[in-house]
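Enquirer: Structure for the following, please:
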Amino acid sequence: MFPPLQRVRHLGRYREIAQVMIKYGFGDLVSRIGLLRQLSLPRSTLRRASQLVPDTPARVRLGLQELGPTFVKLGQILSTRPDLLPPPFINELEKLQDTVPPADWLLIKPRLEEELGRPLEEVFASIEPQPLAAASLAQVHAARLLDGTEVVIKIQRPDIERIIEIDLEILFDLANLVQTHTPLGELYDLPAITEHFAFTLRTELDYRREAAHAERFRRNFAEEPYLYIPRIYADYTTHRMLVIERIHGVKIDDLEGLRAAGYDPRQVAMKAARIIAKEVLEDGFFHADPHPGNFVVMEGEVIGAMDFGMVGWLEPRDRLELIALYTAIVRVDADGIVEHLTRMGMADLSVDRDGLRRDIARLLREYEGLPLRDIRLKRLLEELMPIAFRYRLSLPSDLWLLAKTIVVMEGVGSKLDPDFDIFAVSGPIVKRLSSEMLMPRTWGPEALKATDSWANLLMLMPEVGTGLLRRLRRGELPLALEHKGLDQALNRIDRIAGRLSLSIVVAGLTIGLAMVIPTLGLTQHDGLLFYLMTAAFVVAVLLGIGLLISILRAGL
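Expert: Presented below is the predicted three-dimensional model:
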């Protein structure tokens, strides 16, 4: 059931979401989780499902698109989770477009002044009312500072934070309902998935983080002349507004434009590959939204980057594991690949390792013997997605973002240079880092940390052990035991014990009677006592025979 305050406060939005779900053919789910009853919707609404699109993944995409920015973002994030959704849904959700009509300038201008805390004329010489681009969360306007510097202003759409918070509250409710009332709850931790999505979305709404990302890229590439990071104007940047230097150039995948400007497309492709290789393998911090619109080629064949809202992070250990995984793939070592997937936390210990190894080996055999330059990561990724879903490989979102980033850049490189080989650029870096993996400065800190952990554990064991024994002696240590099939075992033991007891009684009665009859001198047919004793003996024998038959039938 919905929390009462949320149900009353957001009743209209709940109804809208339920009606869109029904419209696109998910009325059964709406009914199963109790929305029909909670929202007082007539059951006749279930017959209004759209028959225009029979394909389920397409209906999911259209429904999310219609529900607005929060749900569009949800779909876009789910498109990076092949461990949660099968490939047809991933492919469909990648089509979600985050473009909407721009908000009116009369609404945007007071919002800008509110963020600046002063009139626009005190900061900007001019601002273009017509935005350069408009998305569901923000829009971008061209402007000039008082000194004539060209900048772009990224400003959140009016009221967007309130809309998103309402939708997130509802999403949490829906996640709990689906978790409780449908089989999906047995496969996924939906509240946890929703929590991760909420964190990601709220982070994206804070433009101070985007500014920090840009500054980090600037530091990482300070010695690299082939990448230009535009300047961030921190004095004018707030939680809801970002002011950044405007850069001009030829879009990186505009082959004809590059040639017309006198640029060498092959050199541009190689520089783009070097950027990716350095970001991933050396820095562990990469631009995770590398579509061609975010990169331009400037004078001197320098690549200019834009839009730093979506980034990926790789810890040093992750980078080393990726290099080891890369080596196992090159060697067509399926066992090594499964081992590294397990060590990286992608494959659970309960995974069907034999099945996973067979599927990976079957995939690798298709590429065995091919030169690395002939391997296209896009195709390899498409073939890996069904395996990831089948075995519920828990791919960290940063690693999946990395895979998609490399695929996008590979597509750009192949367009610029038909012989583009991303491995040729990354190979030397991988070789150098592989050598560094053997150096004490690489594995030493981790080994020292592990040694410290074991030393601390050994020092604590006497104290912890003594405390546990004391609590156990005083009866203060609760033990929770889970048994499977114990009731059946106890019933079987009970039957065995019963038969054993009966066997002892029958055996005792039979032997006792056999000893008593001669002792009493009842060997002649002279009297009632003789017949009673004889009848008792016969009954004991019959009981023994019946017990024997029962034991043989039970297989005991």
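Enquirer: Could you tell me how far the residue lying closest to residue 156 once chain neighbours are set aside is located from residue 115?
Expert: Nearest residue to residue 156, sequence neighbours excluded (CB to CB, 6 or more residues apart in numbering): residue 240, at 4.4 Å. From N, CA and C alone the C-beta is placed, and that goes for glycine too. Separation of residue 240 from residue 115 (CB to CB, to the nearest Å): 6 Å.
Enquirer: joint contacts of the two?
Expert: residue 155 (CB atoms under 8 Å, 6 or more residues apart in numbering).
Enquirer: The worst-scoring helix or strand of the chain on mean pLDDT: what's the following helix or strand?
Expert: For the chain, scoring each helix and strand by mean pLDDT, DSSP states H and E identifies helix 4-9 as the least confident one, at a mean of 52. Going down the chain from helix 4-9, the next helix or strand is helix 11-23, by DSSP states H and E.
Enquirer: any low-confidence regions in the stretch 401-550 of the chain?
Expert: 423, 426-427, 429-465, 467-468, 472-503, 505-533, 537, 544, 547-548, 550 (pLDDT under 70).
Enquirer: if you set the cut-off to 80 instead, what comes out?
Expert: Applying pLDDT under 80 to the stretch 401-550 of the chain picks out residues 401, 403-404, 406-409, 419-550.
Enquirer: cool, the stretch 101-250 of the chain as well?
Expert: Flagging of the stretch 101-250 of the chain using pLDDT under 80 yields the residue ranges 185-188.
Enquirer: which residues in it form helices?
Expert: Ranges of helices in the stretch 101-250 of the chain, per DSSP state H, counting those that start in this stretch, are 105-116, 160-181, 184-187, 190-204, 207-220.
Enquirer: what's the closest of those to residue 74?
Expert: Closest approach to residue 74 among these (CB to CB): helix 190-204, 5.9 Å.
Enquirer: average pLDDT for whichever strand or helix holds residue 329?
Expert: Take DSSP H and E as the rule and residue 329 turns out to sit in helix 316-330. For helix 316-330, the mean pLDDT works out to 77.
Enquirer: Tell me the buried residues in that helix?
Expert: 318, 319, 320, 321, 322, 323, 324, 325, 326, 327, 328, 329 (16 or more other CB atoms under 10 Å).
Enquirer: Likewise for stretch 144-160?
Expert: 145, 151, 152, 153, 154, 155, 156, 157, 160.
Enquirer: How about the contacts made by the residue nearest to residue 67 when sequence neighbours are not counted?
Expert: Spatial nearest neighbour of residue 67, excluding adjacent residues (CB to CB, 6+ apart): residue 20 at 5.6 Å. Counting by CB under 8 Å, 6+ apart, residue 20 makes contact with 63, 66, 67.
Enquirer: and those residues, which are buried?
Expert: Applying 16+ other CB under 10 Å to the contacts of residue 20 flags 63, 67 as buried.
Enquirer: Any chance of the contacts of residue 20 in CSV with pLDDT, distance to residue 104 and secondary structure as columns?
Expert: Listed next are those as CSV, based on pLDDT from 0 to 100; distance: CB to CB, whole Å; DSSP: H, G, I helix; E, B strand; the rest coil:
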residue, pLDDT, distance to residue 104, secondary structure
63, 92, 28, helix
66, 91, 22, helix
67, 92, 23, helix
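Enquirer: Could you point out which of the contacts of residue 20 is nearest to residue 222?
Expert: Looking across the contacts of residue 20 and measuring by CB to CB, the closest to residue 222 is residue 67, at 43.3 Å.
Enquirer: I'd say that closest one and residue 17 touch.
Expert: Yes - counting by CB atoms under 8 Å, residue 17 is a contact partner of residue 67 at 6.3 Å.
Enquirer: how close does residue 126 get to residue 389?
Expert: As judged by CB to CB, residue 126 and residue 389 stand 51 Å apart.
Enquirer: Look at these two and report which has more neighbours.
Expert: Counted by other CB atoms under 10 Å, residue 126 and residue 389 do not tie: residue 389 has more neighbours, with 18 against 12.
Enquirer: Can you get me a residue count around the residue nearest to the more buried one when sequence neighbours are not counted?
Expert: Excluding the flanking residues, the one nearest residue 389 by CB to CB, 6+ apart is residue 86, at 5.0 Å. A count of neighbours around residue 86, defined by other CB under 10 Å, yields 14.
Enquirer: next one: phi and psi at residue 86?
Expert: phi -70, psi 160 (degrees, to the nearest 10).
Enquirer: Distance of it relative to residue 504?
Expert: According to CB to CB, residue 86 and residue 504 sit 63 Å apart.
Enquirer: With residue 406 instead?
Expert: Where residue 504 is concerned, residue 406 sits at a distance of 77 Å (CB to CB).
Enquirer: higher neighbour count, the two?
Expert: Each of residue 406 and residue 504 has its neighbours counted (other CB under 10 Å); residue 406 has more, 21 against 10.
Enquirer: How far does the strand or helix carrying residue 381 sit from its chain's centre?
Expert: Under the criterion of DSSP H and E, residue 381 resides in helix 377-390. Chain-centre distance of helix 377-390: 15 Å, with CA atoms, centre = their mean, to the nearest Å.
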